[in-house]
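In: Sequence isn't available, so here's the structure alone:
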């Protein structure tokens, strides 16, 4: 009897697991928060802004006295949602500048000089955008800070990096950017829909 | 008993497996936002409508009232508050200025408030990129100034911060629930 129960549980577990790997599961709002339009009120952005740090979660690490290395990078971007649309090649067109998010142009700040794609990038603040293609992304750093993302002045481009893309296991509902530790240095992962691009950064 | 152990073993394996799945950062309950002076500077810029340079920028998160009494309850009187949610609120001024009559050098600061029933004490602090007000260190204060508050007729659902120009100053307007506070800057 118990074996049967165990097997049933196992099967149920597998089914649930498969469910998690299916295309339906995406980045959900945290449990317990009703996800409905009325929860977003009074001019709160449809594509909310977020921040990413390297080390990941730096402000929290600092609060917990777990910051073993200094802040190296900080990213400010907005997170558009897929909403059932085809993103790359459709909403975000191939060969055209895309602001890597929504609203304002995405901003990246390095608190130390870094090396990206063999090029030395001095510490400082840049806007970062992307020209996506079916098989690669061109990532650009540009000096035109505090600008809206729809009209990027490419005459102010400072750096250009070409990175390959890969396919994710399941589609990302929200555009997501996140720093992770790598050996050496760090990686900036960028994911939306079924596309993932990774920018290696050394310091 | 052994079978029970097996069941627990299998189930715990599943739990561990679930924990190993990559979970990207969730969408914040209190989304981040950014305000500029001049207001909407990035939009003005792409529309070629900029008439004065960028003077200030605020990065903050926007908690919501959700039926709660905010000041004196959720946000306690007399306690340092991060003026928002999540990461502490950051203000950057792009030139030396005066805040409520007091000098402030250009640069980046964490902005806190201590709310009271009749005023807010605004605090500019040098320690940036931190979470909330949990590590607030008054030794890193560069400026403290008191401002009066006003009562709003209608409660504001989401906390907001925005800049507006008045005759002689640029005002940072902060509003949440039924409280509105105005911090004047002169550039």
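Out: Now that the structure is in, tell me what you want to look at. It should be emphasised that the depicted structure is a prediction, and the values quoted were computed from it without experimental measurement. Numbers count the residues shown, from 1 in each chain, chains lettered A, B, ... in the order given.

In: Quick one: residues contacting the closest residue to chain B within chain A.
Out: Distances between chain A and chain B by C-beta to the nearest C-beta are smallest at residue A:48, namely 3.2 Å. Where you see a C-beta, it was placed from the backbone N, CA and C, and this is true even at glycine. Residues counted as contacts of residue A:48 (C-beta atoms under 8 Å, 6 or more residues apart in numbering or on different chains) are A:78, A:79, B:27, B:28, B:31, B:32, B:33.

In: where does the third one land in three-state SS?
Out: This points to residue B:27. Under the three-state scheme (DSSP: H, G, I helix; E, B strand; the rest coil), residue B:27 adopts coil.

In: what number of residues lie near it?
Out: 20 (other C-beta atoms under 10 Å in any protein chain shown).

In: could you measure it against residue A:194, distance?
Out: Residue B:27 is 19 Å from residue A:194, where distance means C-beta to C-beta, to the nearest Å.

In: Where does residue B:185 fall, secondary structure wise?
Out: strand B:170-186 (DSSP states H and E).

In: residues touching the residue of chain B found nearest chain A, list them.
Out: Per C-beta to the nearest C-beta, residue B:31 is where chain B lies closest to chain A, at 3.2 Å. Residue B:31 makes contact with A:44, A:45, A:48, A:49, A:50, B:61, B:62 under the criterion C-beta under 8 Å, 6+ apart.

In: Look at the third one and report its pLDDT.
Out: Spelled out, it's residue A:48. Residue A:48 carries a pLDDT score of 92 in this model.

In: any idea how far residue B:34 is from it?
Out: 11 Å.

In: now the last one
Out: Remark: distance between residue B:62 and residue B:34 (C-beta to C-beta) = 11 Å.

In: Which stretches in chain A count as helices?
Out: With helices called from DSSP state H, chain A shows them at A:2-21, A:58-63.

In: Please name the residues that touch residue 122.
Out: Let's take chain A. Here residue A:122 is in contact with A:110, A:113 (criterion: C-beta under 8 Å, 6+ apart).

In: not what I meant, chain B
Out: Residues in contact with residue B:122 (C-beta under 8 Å, 6+ apart) are B:99, B:100, B:111, B:112, B:113, B:143, B:144, B:145, B:146, B:147, B:183.

In: partner residues bridging it?
Out: residue B:113, residue B:145 (DSSP bridges).

In: between the contacts of residue B:31, which has the most around it?
Out: Of the contacts of residue B:31, with other C-beta under 10 Å as the count, residue B:62 tops at 26 neighbours.

In: Pretty sure residue B:159 is one of the things that one touches, is it not?
Out: Yes. At 5.2 Å, residue B:62 counts as touching residue B:159 under the criterion of C-beta atoms under 8 Å.

In: mind showing which ranges of the chain have poor pLDDT?
Out: Defaulting to chain A. Residue ranges of chain A with pLDDT under 70: A:1-43.

In: wait, chain B
Out: B:1-24.

In: measure stretch B:162-169 end to end?
Out: 14 Å (C-alpha to C-alpha, to the nearest Å).

In: buried stuff in that stretch?
Out: Neighbour-count burial for stretch B:162-169 flags B:162, B:163, B:169 (criterion: 16 or more other C-beta atoms under 10 Å in any protein chain shown).

In: Equivalent analysis for stretch B:62-79, please.
Out: Neighbour count says stretch B:62-79 has B:62, B:63, B:64, B:65, B:70, B:71, B:75 buried, by 16+ other C-beta under 10 Å.

In: Run through these and flag the ones next to chain A.
Out: Among the buried residues of stretch B:62-79, proximity to chain A is found for B:62, B:64 (C-beta under 8 Å from any C-beta of the partner chain).

In: closest to residue A:179 among the buried residues of stretch B:62-79?
Out: residue B:62 (23.8 Å; C-beta to C-beta).

In: Need the three-state assignment for the closest residue to the closest one other than its chain neighbours.
Out: Leaving aside its sequence neighbours, residue B:62 sits nearest to residue B:158 (C-beta to C-beta, 6 or more residues apart in numbering or on different chains; 4.7 Å). Classification of residue B:158 using three-state DSSP returns strand.

In: Residue B:158 bridge partners, please.
Out: residue B:64.

In: Any idea how many residues pack against it?
Out: Residue B:158 has 19 nearby residues by other C-beta under 10 Å.

In: how far away is it from residue A:192?
Out: For residue B:158 relative to residue A:192 (C-beta to C-beta), the value is 26 Å.

In: Next: residue B:78.
Out: 44 Å.

In: cool, residue B:144 as well?
Out: For residue B:144 relative to residue A:192 (C-beta to C-beta), the value is 43 Å.

In: again, but for residue B:98
Out: 44 Å.

In: Equivalent analysis for residue A:71, please.
Out: 25 Å.

In: now residue B:126
Out: For residue B:126 relative to residue A:192 (C-beta to C-beta), the value is 36 Å.

In: Tell me which of the two has more neighbours.
Out: Higher neighbour count among residue B:126 and residue A:192: residue A:192, with 26 against 13, using other C-beta under 10 Å.

In: now that one, nearest residue through space, not along the chain?
Out: With C-beta to C-beta, 6+ apart, the residue lying closest to residue A:192 is residue A:175, at 4.1 Å.
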